[in-house]
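Visitor: here's my sequence, what's the structure:
(chains A, B and C)
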Amino acid sequence: MFWSVIAANKRKTVLLIVLMGFFLISSGSMIGMALADAQHPYAAGLIGAAAAGAVWVVMLLVSLFASDSVLLGLTHAREVTRDMYPQLINVVEEMVIAGSLPHMPRIFVVDDPSPNAFAVGKSPEKSCICVTAGLLALCDRDELQGVVAHEIGHIMNRDVLYMTVAATMLGSILFISDMFVRSFRYTSTTRLASRSRRAGGGAAGPLLIVSLLLAIIGPILARVLYFSISRRREYLADATSARLTRYPEGLASALEKIGQSPVMLSAAPSAVAPFYTVNPYRQHISSGAFATHPPLSERIQILRAMSHGAGYTDYLKAYARVTRRRRALLPPADLTERGKVDIRQASRDGCSAPATRAESLRRARDIIRALNDFAFITCACGLRIKVAPEYPKDRIACPRCSRVHSVQRSGAAAVGSVLSASSAMGAPAAARVVCPDQGGGHPSERAVQEARFVPGRWQKIACEICGHGYEISPRFSGKRLVCSGCGAVIRFSRAAGQGGGSSDISA
Amino acid sequence: MSAGTIVFIFLAVIAVAVLIYVVGAYNALVILRNQIKNAWSQIEVQLKRRHDLIPNLVEVAKGYMSHERQTLEAVTQARAKAAGAKSVSDISRAETALSGAIGQFLAVVENYPDLKANQNFLALQEELTTTENRIAFARQAYNDQVLFLNNKVEMFPSNIVAGMFGFRKGQFFELEEQSERAAPRVSFG
Amino acid sequence: MKCPQCSDILLTLEFDRIEIDYCPGCRGVWLDAGELGILLERDGKEALLLSAPGSVRRKEKKRACPICSRGMEKVLMTGSDVLLDECPSHGLWFDGGELSKILEAECGDRGEEDRTGGLARLLDEIFTPGKEERT
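Guide: Model prediction:
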């Protein structure tokens, strides 16, 4: 924990709130005056100031008391429980132990296929960590740990408080200037023209220019402020991540993967983007996805330069070596490190990271499905069946081998087992995983019906119980068929012997 | 006021100052000792968890790797030894041996894709990994505290208070020494 | 996702790292554009001669794409008279009947080299378990 950073964060937060209040109220009053009738410019200015002040207060209250729920709501994050994804919970708990945090943060998953993570919450006690499905799909255990530790670093250093407030304030500035531009566009053609004629173009002209300047410069200033400050935080959070995990390579390779990911939308904590911009896409085009973050390559390089240890001192040394910046990242008084922190070995991971992009995208989509209460069935024949929650029936016959499976709706499925199962599916040899419901109930419990089957041509039959229709391939060699509609067994009596070939139930 | 009174007041002030220091130092030492106890109990909880996990893991693995009797037995034996260890240094030694045995076992598992695809096994392996990580991170916290205590016990003047009330140096919990030396260190240049 | 034919809920099937959506009611199959891309990347272009360019005018009713619910084009599968529905941006729909025709062709003339290519092979594999998998 960096005490000076924490203190600075708190100080800056207060300063920012005051500055923003000043800025908002003054620009609000100017906008009010510029738009007002000539007779009552000051009254209009007051109204403008009051309106801006109200916006400021609301934004302040939101950013201090409801920012997490707003952000989580905006990003459609879902809270994860241990049953859903034990590995994620474990990794966070480990980092809580490593950082001696007093409280376990709440953990959320956002169903977004781009790899990303962020933290929200105004204090460590009330913090939340969000990771996207894309990140879970892309990263192995060590990499996930690196990213989680980075977010824990933000929480420990109170960056989250500052960033949340900054994001809210920025949002309010953009909101107000947007309002101004719009109302200006509306009035400039009508009222303004007549008024300046009446007033002789006196006071309104300069006022207009000033407020216009404010409206243009304000957002730029706010962004510059926000971006420039957040860089140092990222380095420090990286340092914390390396120190907590004692494995800098984890975060380094996660960052590398995130950088190479085809579906890259936003960087880790700038996922507060929905909060601070009216239109997040505009943001990305104008300033690049990683504007709030130092160049990824540099961060990776620093982490990889930490060959001698995983402590803060090692990070600072690596930072100085890689960036050649003379100014230290931290005042020396902040380094309260005792002893040397060794780099640990890579952990052996049961479920390895996906090899290809397609595979990681598939995993991301599976995680999203699991979050959305899909049921996953792995049939003994190697087919995986993913059942939407709105699927009406409780039983499903495998379309491949016609084993009947019961659909288990356990609320949110276990995301972790989905992941490991899909990684097992990667190898065709291991495709025959345990079938959860071999055959679906005891065969003797099921209704049996007889049907005639003439080999050599396609033929249609219907289940006598539920009326489900089947077309039987001429090469069908099986003796029975389990109805996918009701689970009943249809037994075939063969007209003429013609064995061999593969069985086929289709159409 | 006589000279005697002045001397008496002077001595009394000094005595009170010393007493205040002793009380403060004593309390600080007690807090530190309790913190160490707390950190140690954290470690013990995780060690216990690891001991509970291993029989399950071996049980699941048995069905798949019948040819690896030796590896499995080594793990079981190391676990039994670790569970029986009492003092910190004994536990350190036994747990290090256990870590080594588990490491070997997991290395062998790589040759059994069917086992690696087993859901039960994967869940157990994840639990084992997180437990080992927790032990490692809790150990770091514990050793930090022990270092702090030991400095107090050795350094003047707190060493006098420590000596008076019988505070002894804490023992470091070394776990990864051996395995780290045995395994090739990865370096990133 | 709903079946464009009978609006049942589609099941997603994954086999050999390819996903298809399958309608348990009419046995039709939806092949997502992304999955087609993966197949293309894996098996090469020749293996996946899917549809002749351009749509075919047929009297058959237009079906709605299960993703964007716009009307899909009718296209002919190369080398066969199987008529498919294609949403240019989202994927391909195989009717239950169409699928069985493809599979029949595949099963029928194995001597002739894969007319419909890797896709038919995959579908065949999904719906026809080989002998080793029968337990």
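Visitor: list the buried residues of the helix or strand where A:Ala8 lies.
Guide: Assigned by DSSP states H and E, A:Ala8 belongs to helix A:3-35. Residues A:5-6, A:8-9, A:12-13, A:16-17, A:20-21, A:23-35 are the ones in helix A:3-35 that count as buried (16 or more other Cβ atoms under 10 Å in any protein chain shown). Quick note: C-beta positions are derived from backbone N, CA and C, even for glycine.
Visitor: can you tell me how far the residue of chain B at minimum distance from chain C is from chain A?
Guide: Going by Cβ to the nearest Cβ, chain C is nearest to B:Ala117 of chain B, at 14.9 Å. Counting by Cβ to the nearest Cβ, to the nearest Å, the gap from B:Ala117 to chain A is 4 Å.
Visitor: does A:Arg246 touch A:Ala310 like I think?
Guide: Yes: here A:Arg246 reaches A:Ala310: they are 4.3 Å apart, a contact under Cβ atoms under 8 Å.
Visitor: now list whatever residues contact both of the two.
Guide: A:341-344 (Cβ atoms under 8 Å, 6 or more residues apart in numbering or on different chains).
Visitor: and the pLDDT for B:Ala82?
Guide: According to the prediction, B:Ala82 has pLDDT 86.
Visitor: I meant C:Lys61, not that one.
Guide: In this model, C:Lys61 carries a pLDDT of 73.
Visitor: likewise A:Asn90?
Guide: 91.
Visitor: quick one: whatever helix or strand it lives in near chain B?
Guide: Using DSSP H and E, A:Asn90 sits within helix A:86-98. Yes: residues of helix A:86-98 contacting chain B under Cβ under 8 Å from any Cβ of the partner chain: A:86-87, A:90-91, A:93-94, A:97-98.
Visitor: next SSE downstream of that helix?
Guide: As assigned by DSSP H and E, the chain's next helix or strand after helix A:86-98 is strand A:106-110.
Visitor: what lines up beside the helix or strand following that following strand in the sheet?
Guide: Going down the chain from strand A:106-110, the next helix or strand is strand A:117-120, by DSSP H and E. Using DSSP bridges, the strands paired with strand A:117-120 are strand A:128-132 (antiparallel).
Visitor: okay, the partner strand in CSV with CA atoms only?
Guide: Taking C-alpha atoms only, strand A:128-132 is exported to CSV below (Å, rounded to 0.1, in the frame of the first residue of the first chain):
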residue,chain,number,x,y,z
CYS,A,128,-16.4,-4.6,-6.6
ILE,A,129,-14.3,-6.2,-9.1
CYS,A,130,-15.7,-6.8,-12.6
VAL,A,131,-14.2,-9.0,-15.3
THR,A,132,-15.6,-9.7,-18.7
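Visitor: so what secondary structure elements neighbour the following helix or strand past that strand?
Guide: Using DSSP H and E, the helix or strand that follows strand A:128-132 in sequence is helix A:133-138. In this structure, helix A:133-138 packs against strand A:106-110, helix A:141-156, helix A:248-260, helix A:357-371, helix A:415-425, with contacts taken as 3 or more Cβ pairs under 8 Å, 6 or more residues apart in numbering or on different chains; DSSP states H and E.
Visitor: can you do 6 Å?
Guide: Secondary-structure packing of helix A:133-138 (3 or more Cβ pairs under 6 Å, 6 or more residues apart in numbering or on different chains; DSSP states H and E): helix A:357-371.
Visitor: got the angle between the helix it packs on and helix A:248-260?
Guide: Angle, helix A:357-371 to helix A:248-260, by axes from the mean of the first three to the mean of the last three Cα atoms, to 10 degrees: 100 degrees.
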